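Undergrad: here are the coordinates; sequence isn't available:
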């Protein structure tokens with residue numbers, strides 16, 4: 001069972017744990033944790049897929065560095081970037097690259113299927129995209 005949180009976005013004080021998901025505003029895309037194939041693999045990945053056809057994954061964050069259990073969490077780190085952590089081993093499985101450090105970062109899953117990191121610190125910088133993943 002998946003729990004959808006915060007509609008289509010997370011702020012710095014939020015995270016997505018294995019079993020939770022973000023859904024784009026028009027319900028076309030979903031971001032969360034998955035295992036490839038029939039589910040017999042213990043490897044866990046963070047990806048984006050079509051909500052109505054979850055077997056069609058369109059993007060994977062940690063393709064080369066899977067989490068081998070269900071202790072993963074996707075969150076916004078202190079530097080404002082997205083980071084995928086394995087809580088059991090306390091290791092980083094994946095992190096985003098930033099063009100600059102945002103003051104008030106928000107990660108949002110767009111209806112296009114893109115995951116973007118916005119700086120939501122003021123009206124003037126609201127539309128400034130820090131990273132498109």
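TA: Arrived safely, thanks for sending. Not measured: the values here are computed from a predicted model.
Undergrad: where in this protein is pLDDT low?
TA: Under the criterion pLDDT under 70, the flagged ranges of the chain are 1-6, 38-39, 122-133.
Undergrad: again, only this time at 50
TA: Residue ranges of the chain with pLDDT under 50: 1, 4, 6, 124.
Undergrad: Show me the strands in it, by range?
TA: 3-4, 9-11, 15-17, 20-23, 29-34, 45-50, 53-60, 72-76, 82-86, 91-95, 105-109, 115-119, 129-132 (DSSP state E).
Undergrad: Ok, which of these comes nearest residue 66?
TA: With Cβ to Cβ, the closest approach to residue 66 among the strands of the chain belongs to strand 45-50: 5.6 Å. Heads up, the C-betas are built off the backbone N, CA and C, glycines and all.
Undergrad: The closest one vs strand 29-34, what angle?
TA: Computed with axes from the mean of the first three to the mean of the last three Cα atoms, to 10 degrees, the direction of strand 45-50 lies at 150 degrees from that of strand 29-34.
Undergrad: how distant is strand 45-50 from the center of its chain?
TA: Remark: strand 45-50 is offset 8 Å from the chain centroid, using Cα atoms, centre = their mean, to the nearest Å.
Undergrad: in that strand, what counts as buried?
TA: Using 16 or more other Cβ atoms under 10 Å as the test for burial, strand 45-50 gives 45-49.
Undergrad: contact partners of stretch 97-108?
TA: Contact with stretch 97-108 is made by 8-12, 76, 79-82, 115-121, 125, 128, 130-131, as judged by Cβ atoms under 8 Å, 6 or more residues apart in numbering.
Undergrad: Distance to residue 66 added to the strands of the chain, as CSV?
TA: CSV is the format used below for those (distance: least, Cβ to Cβ, whole Å):
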stretch, distance to residue 66
strand 3-4, 22
strand 9-11, 21
strand 15-17, 16
strand 20-23, 18
strand 29-34, 10
strand 45-50, 6
strand 53-60, 9
strand 72-76, 9
strand 82-86, 10
strand 91-95, 7
strand 105-109, 21
strand 115-119, 18
strand 129-132, 22
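Undergrad: returning to what we had before: quick check: ChimeraX command selecting the buried ones in the contacts of stretch 97-108.
TA: In ChimeraX, a selection of the buried entries from the contacts of stretch 97-108 looks like this (16+ other Cβ under 10 Å):
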select :8,9,10,12,76,80,81,82,115,116,117,118,119,120,130,131
